[in-house]
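1. coords below, sequence missing:
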């Protein structure tokens with residue numbers, strides 16, 4: 001096992017998902033665009049919550065999902081993200097701690113409420129998301145404790161959190177502390193729209209030595225390099241001085257370095273119920289494997305296993321012990 005107090009430490013948006021089943025007429029009445037993700041303000045959030053049907057409330061957020069997945073694989077995980085001292089924030093913190101994820105960021109006493117994503121599920125399984133970012137945008141460098149970051153073998157940064165200026169500074173502080181301690185830093189590109197907004201800044205992080213590992217799906221990678229051709233994007237990634245991990249949905253994943261590109265098949269899934277969280281859980285498996293000194297192909301296989309579990313049910317966090325599944329597959333002892 002690792003000598004670090006934390007194996008995988010993630011930084012990201014702390015969001016609670018509020019899911020409700022509804023019908024097409026409700027979407028029309030509420031003037032929401034079916035299948036899309038839209039950002040909303042607090043007043044709109046309160047209105048939607050008051051008129052939507054009985055809801056299932058599940059903690060989410062990309063980086064937090066990755067931390068929970070890593071913990072389910074039996075490695076030591078931590079999360080840095082901001083919630084408010086309200087009922088939703090308490091639920092979020094409780095769920096992390098119940099999943100054995102280290103979380104010690106101070107709750108915001110004032111300012112906007114804890115972030116929530118109101119997810120309306122129609123009978124055809126389509127999910128329409130209305131996201132209020134609230135308190136999670138107020139993460140600051142003060143929330144990044146030097147001792148916590150120094151103790152983590154790998155720090156994993158969520159690209160979604162690159163929007164707020166103070167959060168960027170928190171990112172940069174974490175990178176500096178991690179590298180000073182001889183630890184690794186990973187970034188997930190998170191979303192093609194994210195990449196479009198911050199392409200030059202992400203290139204800056206990749207090329208100034210801030211990053212050791214880059215996670216992306218193939219669409220995000222094509223967006224990064226401004227090409228419609230996947231092979232061109234992969235060829236460009238091979239020229240970067242870092243380890244690239246590229247997911248391709250049912251086509252599995254690629255582990256990309258200057259020396260070689262290795263393809264790893266996706267794990268078979270009987271039925272895909274909900275693809276939310278697939279990339280988050282893939283990252284948790286890959287990073288957990290790295291901290292256990294698995295070779296890169298087995299890291300990717302562990303990622304594929306974690307992703308396969310999470311897409312087989314509703315919600316973006318595992319419902320089965322991933323460590324038990326990994327042992328059954330001979331990936332972990």
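-> Done, it's in. A quick note: this is a predicted structure, and the numbers were derived from the prediction, not measured.

2. At which residues are the strands of the stretch 101-250 of the chain located?
-> Counting by DSSP state E, counting those that start in this stretch, the stretch 101-250 of the chain has these strands, from start to end: 101-102, 115-121, 127-132, 152-158, 184-188, 213-217, 243-247.

3. Pick the most deeply packed of those.
-> When you average the neighbours per residue for each of the strands of the stretch 101-250 of the chain (mean count of other CB atoms under 10 Å), strand 152-158 leads with a mean of 27. All C-beta spots, glycine's among them, are computed from the backbone N, C-alpha and C.

4. Just want the angle from that one to strand 213-217.
-> Inter-element angle recorded for strand 152-158 and strand 213-217: 40 degrees (by axes from the mean of the first three to the mean of the last three CA atoms, to 10 degrees).

5. coming back round to it: check the strands of the stretch 101-250 of the chain for me: which has the lowest mean pLDDT.
-> Comparing mean pLDDT over the strands of the stretch 101-250 of the chain, the weakest stretch is strand 127-132, at a mean of 87.

6. do you know how far the residue most central in space within the chain is from residue 188?
-> With distances taken as CA atoms, centre = their mean, the chain has residue 62 as the residue nearest its mean C-alpha position (2.7 Å). From residue 62 over to residue 188 the distance is 7 Å, taken as CB to CB, to the nearest Å.

7. Which neighbours do the two have in common?
-> Taking CB atoms under 8 Å, 6 or more residues apart in numbering as the criterion, residue 62 and residue 188 both touch 158, 279.

8. Distance from the chain centre to stretch 164-179, please.
-> Averaged C-alpha coordinates place stretch 164-179 at 17 Å from its chain's average position (CA atoms, centre = their mean, to the nearest Å).

9. next one: stretch 105-114
-> Remark: stretch 105-114 is offset 21 Å from the chain centroid, using CA atoms, centre = their mean.

10. What's the local residue count around residue 41?
-> Under the neighbour criterion other CB atoms under 10 Å, residue 41 is assigned a count of 12.

11. Please name the nearest non-neighbouring residue to it.
-> For residue 41, ignoring the flanking residues on the chain, the nearest one in space by CB to CB, 6 or more residues apart in numbering is residue 132 at 6.8 Å.

12. just checking, the one you found touches residue 38?
-> No: with contact defined as CB atoms under 8 Å, residue 132 and residue 38 do not form a contacting pair (10.2 Å).

13. the helices in the stretch 151-300 of the chain, which residues?
-> Chain-ordered helices for the stretch 151-300 of the chain, with DSSP state H, counting those that start in this stretch as the definition, fall at 165-180, 192-207, 218-225, 230-238, 278-291, 296-310.

14. Residue 209 and residue 185: what is the separation?
-> When CB to CB is applied, the distance between residue 209 and residue 185 equals 9 Å.

15. intersection of neighbour lists for the two?
-> Listed as contacting both residue 209 and residue 185 by CB under 8 Å, 6+ apart are residue 179.

16. still on that earlier bit, highest mean neighbour count out of the helices of the stretch 151-300 of the chain?
-> Most buried of the helices of the stretch 151-300 of the chain by mean neighbour count (mean count of other CB under 10 Å) is helix 278-291; its value is a mean of 29.

17. and the angle for that one with helix 296-310?
-> Taking the same axes, to 10 degrees, helix 278-291 and helix 296-310 form an angle of 140 degrees between their directions.

18. And for residue 8, the neighbour number?
-> Based on other CB under 10 Å, the number of other residues close to residue 8 is 31.

19. Report pLDDT for it.
-> With respect to pLDDT, residue 8 has a value of 98.

20. Show me what secondary structure element comes after the helix or strand harbouring it.
-> Assigned by DSSP states H and E, residue 8 belongs to strand 6-11. The element immediately downstream of strand 6-11 (helix or strand, assigned by DSSP H and E) is strand 15-21.

21. Show me what that next one pairs with in its sheet, parallel or antiparallel.
-> Strands that pair with strand 15-21, judged by DSSP bridges, come out as strand 56-60 (antiparallel), strand 115-121 (parallel).

22. Could you figure out how far it is turned away from strand 127-132?
-> Relative orientation of strand 15-21 versus strand 127-132 (the same axes, to 10 degrees): 140 degrees.

23. The helix or strand just after strand 15-21: which residues count as buried?
-> As assigned by DSSP H and E, the chain's next helix or strand after strand 15-21 is helix 24-29. By neighbour count, with 16 or more other CB atoms under 10 Å as the criterion, the buried positions of helix 24-29 are 26, 27.

24. hmm, who's touching the helix or strand following helix 24-29?
-> Scanning forward in sequence from helix 24-29 by DSSP H and E, the next helix or strand is strand 37-39. Outside strand 37-39, the residues that touch it by CB under 8 Å, 6+ apart are 32, 129, 130, 131, 132, 133.

25. so how far is strand 37-39 off the chain centroid?
-> For strand 37-39, the distance between its averaged C-alpha position and the chain's averaged C-alpha position is 17 Å (CA atoms, centre = their mean).
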